[in-house]
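[1] Next input, structure requested:
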Amino acid sequence: MKNYELIQRQSLPLCQKIILTQKRIRDWYDHWNGNVYVAFSGGKDSTVLLDLVRNIYPDIPAVFVDTGLEYPEIRKFVKTVDNVTRIKPDMSFKKVIEKYGYPVVSKKVAGMIEPFQNPTDKNIRSRELYDNGIIKNGHVRFKLSEKWKILKNAPFKVSGKCCDVMKKKPIKKYERESGNKGMTGVMAYDSQLRTAQYLTYGCNHYTGKAVSNPIGFWVEHDIWAYIKENDLDYSSIYDKGYDRTGCMFCMFGVHLEGEPNRFQRMKYTHPKLWNYCIHQCGVGKVLDYIGINYGNMDLRDFE
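    Purely as a prediction, here's the structure:
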């Protein structure tokens, strides 16, 4: 798919997007003979997707990965939804960061840092590549940003494996045991990486790694418009000023946020969890190292 085609789809009115999404849901359902489920995070996007799916197929199960890192408001909301299977990872966040390292900056950057912190003969070429990059189509590719090279010698481990261990592994186990194939509420609008993935695979991709993102061409205001028009219940976390409801302690992307950032906001709305995250899990030392303010703030920012 070309980028302009995605832009055209994103600019469609909501009523047309709903029709296109319903077709993709039916295609996915038919291809897998009804052996499908909705990956339900409790966030607004998956809440909308679940409603769209169950308006066509009321009995399709939802699957919630209970990592222990969700906002309490998300967990509370998930309990109000029918036919939700809760699955859990084998490791806690604290054990993951002790064994592998902290999720910081981005999954891409964290993955580049790992071989520098764990050098072997096998990853020497990867280290050389990330240090120097290569020229491809006139652009430097695969090079670790100079800004984040400080993490190579950080006094803590850095890793991009947290999501793999805590979310993807339990989901893969569920799919293997159930035979069901999932639909997710991922949108191209969310990030450059997800835009690239959508341009490559579209909404439904059946070969190799099967992927279904029926609302992949929706944008943020579509989600809220659908919720309002259909009077959908949603997690109260959004009424507290949060627009991101992923894992509470994840640091991916926090350097791109203005203040109050997610950790400053957490200190105000969930002080006990903030204290556990910053002090007991050691997230504070990581944020200090990369220069992110996670404590001081003007309370007027929350009014």
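
[2] residue furthest from the geometric center of this protein?
    residue 121 (32.7 Å; CA atoms, centre = their mean).

[3] How confident was the prediction at that one?
    The predicted structure scores residue 121 at 96 on the pLDDT scale.

[4] Domain-wise, how is the protein divided?
    Domain ranges of the chain: 3-90+161-240, 104-158, 248-303, per automatic domain parsing.

[5] Make JSON lines out of the ones you listed and add distance to residue 96.
    C-beta coordinates here come from the backbone N, C-alpha and C atoms, glycine included. Below are the domains of the chain laid out as JSON lines (distance: least, CB to CB, whole Å):
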{"stretch": "domain 3-90+161-240", "distance to residue 96": "5"}
{"stretch": "domain 104-158", "distance to residue 96": "10"}
{"stretch": "domain 248-303", "distance to residue 96": "10"}
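
[6] which one of the ones you listed has the lowest average pLDDT?
    Minimum mean pLDDT among the domains of the chain: domain 248-303, a mean of 90.

[7] what's around residue 286, how many residues?
    A count of nearby residues for residue 286, using other CB atoms under 10 Å, gives 26.

[8] How about it, nearest residue that isn't a chain neighbour?
    Excluding its sequence neighbours, the residue lying closest to residue 286 (CB to CB, 6 or more residues apart in numbering) is residue 102, at 5.1 Å.

[9] Retrieve the pLDDT associated with the one you found.
    On the pLDDT scale, residue 102 gets 98.

[10] circling back: check for me that the residue farthest from the centre of the chain belongs to a strand.
    No - under DSSP: H, G, I helix; E, B strand; the rest coil, residue 121 sits outside any strand and is assigned coil.

[11] In space, what's closest to residue 69 - neighbours in sequence excluded?
    Leaving aside its chain neighbours, residue 69 sits nearest to residue 247 (3.8 Å; criterion: CB to CB, 6+ apart).

[12] show me what contacts the one you found?
    67, 69, 70, 93, 162, 163, 166 (CB atoms under 8 Å, 6 or more residues apart in numbering).

[13] ok, of those residues, which one's closest to residue 221?
    residue 70 (24.6 Å; CB to CB).
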